[in-house]
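S.K.: need coordinates for the below:
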Amino acid sequence: MSSKFREDFDTGRFTKFLFDLRIQEELPEWPPLHVQKRKSHRTRIILLLCLLIIVLLFLIANVIFLNIRVLSVQTATPSSTPLSVNAQQCLSQYILNAPSSPSSYPCSTCLPILQAVPLSLNSQNAQQIINAIQFCGLRAIFDTANSQGQASLGWVNDVKFCAWNGVTCDSSGRVANLQLTFPGVPATLPNELGALTGLESLQVIGGNSIPAGALPSSFTNLTDLSNLHIEATSITQLPDNLFSSLTAIATLILIRNPTMGSSLPSTLTQLPLQNLVINSQTLTNPLLTLSSSPAFQASLKLLDLSSTSLTGSIPNTISSFASLTQLLLSNNNLQPPFPTTFPPSLQILNLQNNTGLSGTLPNSLCNSTLLTSCELGSTGLSGGCGLCQFS
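M.R.: Numbering: from 1, shown residues only. This next block holds a predicted model:
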């Protein structure tokens with residue numbers, strides 16, 4: 001064996017010896033690589049980033065949508081028209097000063113100014129303007145009353161008119177019902193009454209001499225009025241064209257108004273009136289006119305003309321009232337001939353104290369199954385007729 005080979009062999013043996021010796025020593029364990037945990041952490045980050053992106057996109061979309069919506073609203077709805085200097089002053093005085101000093105508010109100046117404001121173009125101030133207008137309309141009634149009437153009304157201690165005696169407002173704050181009862185009535189109905197354009201029911205029960213005079217010209221502004229009751233007043237004749245404007249009237253009650261005249265406005269028969277009550281004031285017999293009205297024929301349910309000094313006869317056209325349930329004509333001077341038919345819907349008939357009235361009741365009336373009351377006392381009518389009372 002050559003020296004070269006022996007030298008290499010010895011070197012290899014020595015190297016192997018050293019290697020074996022090193023292996024025998026206990027080697028420390030390598031730390032785990034945690035590959036799975038790193039993958040899980042990375043996935044979580046990606047999910048959070050995706051969620052953040054989705055939230056950002058949602059916010060951006062909302063901003064864009066709101067901008068478009070605001071733009072469309074601004075385009076569709078014109079901005080409020082600025083109030084005139086006078087209107088702004090009147091409104092400011094009502095808001096700031098009137099609550100503490102309601103009697104000093106300048107209604108005579110401010111009412112026409114505020115009535116001229118187009119509310120549709122001033123929606124921001126509309127309710128306060130309406131409040132000021134209604135306040136002035138009611139205060140004019142108070143100012144027109146005498147001291148006894150003002151004490152009875154008890155108004156104008158504040159501007160909260162919806163809580164005033166006899167005043168009822170609807171849910172939008174408009175005066176819907178007004179009841180004026182003596183002594184709390186004005187000497188005359190003031191023109192400012194027409195400022196209460198939301199009024200649906202008006203009842204005025206006076207003290208015979210007051211209220212007096214004519215209805216104010218502004219009365220035709222009360223186009224929502226459905227119930228009108230005027231009693232014990234000295235109001236003069238109703239304008240002939242009154243009901244051309246007051247087309248919503250369903251109930252008209254006129255009692256003890258001696259200066260109102262004996263004729264009814266011709267425009268009354270144009271209304272689909274349901275209840276007509278006229279008592280204790282002279283009236284020229286309107287039965288033929290009323291029963292010939294197509295509107296009345298379809299709608300009238302109650303006709304009460306008691307104690308109105310009616311003369312003449314009850315026309316056969318009385319049967320044209322298709323919906324009439326009550327016919328009350330007592331305490332008059334009605335004469336024959338007596339009608340041969342009555343409305344088939346009739347439930348209550350009162351003709352008592354018409355001493356000149358004579359004749360025989362028609363079988364259709366006597367045999368009616370709907371009739372519940374029939375008062376014919378102190379008349380010349382005769383015949384056995386169901387439940388009708390002749391005495």
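S.K.: contacts and neighbour counts: CA atoms only from here.
M.R.: Will do.
S.K.: ok, now how distant is N165 from V156?
M.R.: Separation of N165 from V156 (Cα to Cα, to the nearest Å) stands at 11 Å.
S.K.: neighbour-wise, which of these two wins?
M.R.: More crowded of N165 and V156, by other Cα atoms under 10 Å: V156, with 20 against 15.
S.K.: next, that one: secondary structure please.
M.R.: What DSSP: H, G, I helix; E, B strand; the rest coil gives for V156 is coil.
S.K.: who touches it in this structure?
M.R.: For V156, the contacting residues are 102-103, 139, 142, by Cα atoms under 8 Å, 6 or more residues apart in numbering.
S.K.: what do you get if the cut-off is 10 Å, keeping everything else the same?
M.R.: By Cα atoms under 10 Å, 6 or more residues apart in numbering, the contact set of V156 is 98-99, 101-103, 135, 138-139, 142-143, 150, 164.
S.K.: again with Q128
M.R.: Counting by Cα under 10 Å, 6+ apart, Q128 has contacts 91-92, 94-95, 134.
S.K.: got it, and T340?
M.R.: Contacts of T340 by Cα under 10 Å, 6+ apart are 315-319, 359-365.
S.K.: show me those that map onto strands.
M.R.: In this view, these that belong to strands under DSSP state E are 359-360.
S.K.: for the contacts of T340, please prepare CSV with the additional fields neighbour count, distance to Q127 and pLDDT.
M.R.: Below are those laid out as CSV (neighbours: other Cα atoms under 10 Å; distance: Cα to Cα, whole Å; pLDDT from 0 to 100):
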residue, neighbour count, distance to Q127, pLDDT
P315, 19, 52, 97
N316, 17, 53, 96
T317, 19, 50, 97
I318, 21, 48, 97
S319, 19, 49, 96
G359, 16, 62, 90
T360, 15, 62, 89
L361, 19, 59, 90
P362, 15, 59, 90
N363, 14, 60, 89
S364, 14, 57, 88
L365, 22, 55, 90
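S.K.: show me what the helix or strand encompassing N177 is packed up against.
M.R.: Using DSSP states H and E, the element containing N177 is strand 175-181. Judged by 3 or more Cα pairs under 10 Å, 6 or more residues apart in numbering; DSSP states H and E, strand 175-181 is in contact with helix 126-144, helix 147-153, strand 167-169, strand 201-205, strand 227-231.
S.K.: what lines up beside it in the sheet?
M.R.: Strand 175-181 has the following sheet partners, assigned by DSSP bridges: strand 167-169 (antiparallel), strand 201-205 (parallel).
S.K.: quick one: average pLDDT of the longest one?
M.R.: For strand 201-205, the per-residue pLDDT values average out at 98.
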